[in-house]
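Undergrad: Mind looking at a prediction? Sequence and model below.
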There are 2 protein chains.
Amino acid sequence: MVDPQVRFEELVDKLREREYRLTPQRIALLRLLATSDGHPSASQLYDQIKDQFPTTSLATVYKTLDVLKGMDEVLELRFSGDDNHYDGHNPHPHPHLICVHCRKIIDLEVNIAQDLVQQVSWRSGYQIISYRLDFYGVCPDCQEGE
Amino acid sequence: MVDPQVRFEELVDKLREREYRLTPQRIALLRLLATSDGHPSASQLYDQIKDQFPTTSLATVYKTLDVLKGMDEVLELRFSGDDNHYDGHNPHPHPHLICVHCRKIIDLEVNIAQDLVQQVSWRSGYQIISYRLDFYGVCPDCQEGE
DNA sequence: GTGCTTGCAAACAGTTTGCAGATAG
DNA sequence: CTATCTGCAAACTGTTTGCAAGCAC
């Protein structure tokens, strides 16, 4: 994983390059995205920003996330019956592993799916643009507790 | 794919077995699920049922879908920024291919992901329960039109 | 100073729920 | 006959939008 500080500065630079304004709220969000290694949801991000900026609003979080999504700098993960989660480290599609018990979401480092994309494209005639691969299971910690 | 009529009767039997009541609205929904080979959304199903039962409601569609989900007889597919779609043919997880242009959803017959599940389970220590694999792309029809 | 951004509140969409009346078994 | 199911309407959840005031540049 990229160093959080480096990633944070990268995000700041990208916003500046495109002449987006660097408000304190945005800085706080960028820092959170760069440092939190889980995959926080919008409201989790909001809760943490609120500690520093008590008047901040969820709408602002969403608006900034929209900007970042549009720049392909965060990956939005929508889950069944859950709110969306955001990955600001690696904005490109990659497999995730979700614990159905504690809801922890981890990245799968292995990029097993790259071969699949080629195969599927070839077999179906589709021009494959992207994919989404999630595994649902019980993580080692939660297996013990049962 | 299983013959729609056979699948329809199968669904009817499963409901009867568990002593759910076979109302005309439910019969209509089961028939739709068994025959429609796209992956209809709740409101698409509702629209079609409404032709036969003008007083039917979306809530009833959802309630019956809930029953079927609970029996593992339909697979609910939630998509980003879209409403849920339902697969009543093959209720077990399998890969899908979604055209980002015409929104068509097709099943991938290949079950490439079975090996992956094993690999991931072994590498991560997770007890894998299920997975979700969607490819996003442009289908052959939509490629021509561009 | 200009106009992008914030933050509130209200709107929105899909889904779920409560309940009185209808109906399958 | 009775418990389940229907269908309406209202509630709910996460997300989006409109707009006046605020602030980055």
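TA: Cool, the structure landed.
Undergrad: Please make it C-alpha for all contacts and neighbour counts, starting now.
TA: Will do.
Undergrad: Could you see whether chain B lies near stretch A:55-75?
TA: No - using C-alpha under 8 Å from any C-alpha of the partner chain, stretch A:55-75 stays clear of chain B, coming no nearer than 12.0 Å.
Undergrad: Buried residues, that stretch. List them.
TA: A:58, A:61, A:65, A:68-69, A:73-75 (16 or more other C-alpha atoms under 10 Å in any protein chain shown).
Undergrad: and what of stretch A:75-88?
TA: Neighbour-count burial for stretch A:75-88, counted by 16+ other C-alpha under 10 Å, picks out A:75-78, A:84-88.
Undergrad: do stretch A:124-142 as well
TA: Buried positions in stretch A:124-142, judged by neighbour count with 16+ other C-alpha under 10 Å: A:126-128, A:131-139.
Undergrad: thinking again about what came up before, could you work out the most separated pair of the buried residues of stretch A:55-75?
TA: A:58 and A:73 (19.4 Å; C-alpha to C-alpha).
Undergrad: Show me which residues of chain A are close to DNA strand D?
TA: Contact residues (C-alpha under 7 Å from any atom of the strand) of chain A with DNA strand D: A:16, A:20-24, A:41-43, A:58-59, A:62-63, A:66, A:78, A:82-85.
Undergrad: following the helix or strand hosting residue A:119, which helix or strand shows up next?
TA: Assessed by DSSP states H and E, residue A:119 sits inside helix A:113-124. Next in sequence after helix A:113-124, counting helices and strands by DSSP H and E, comes strand A:127-138.
Undergrad: quick one: least confident helix or strand in chain A?
TA: Here the helix or strand of chain A ranked lowest by mean pLDDT, DSSP states H and E is helix A:113-124, holding a mean of 84.
Undergrad: Can you list the neighbours in contact with it?
TA: Where contact means C-alpha atoms under 8 Å, 6 or more residues apart in numbering or on different chains, the residues beyond helix A:113-124 that reach it are A:95, A:126-128, A:131, B:112, B:135.
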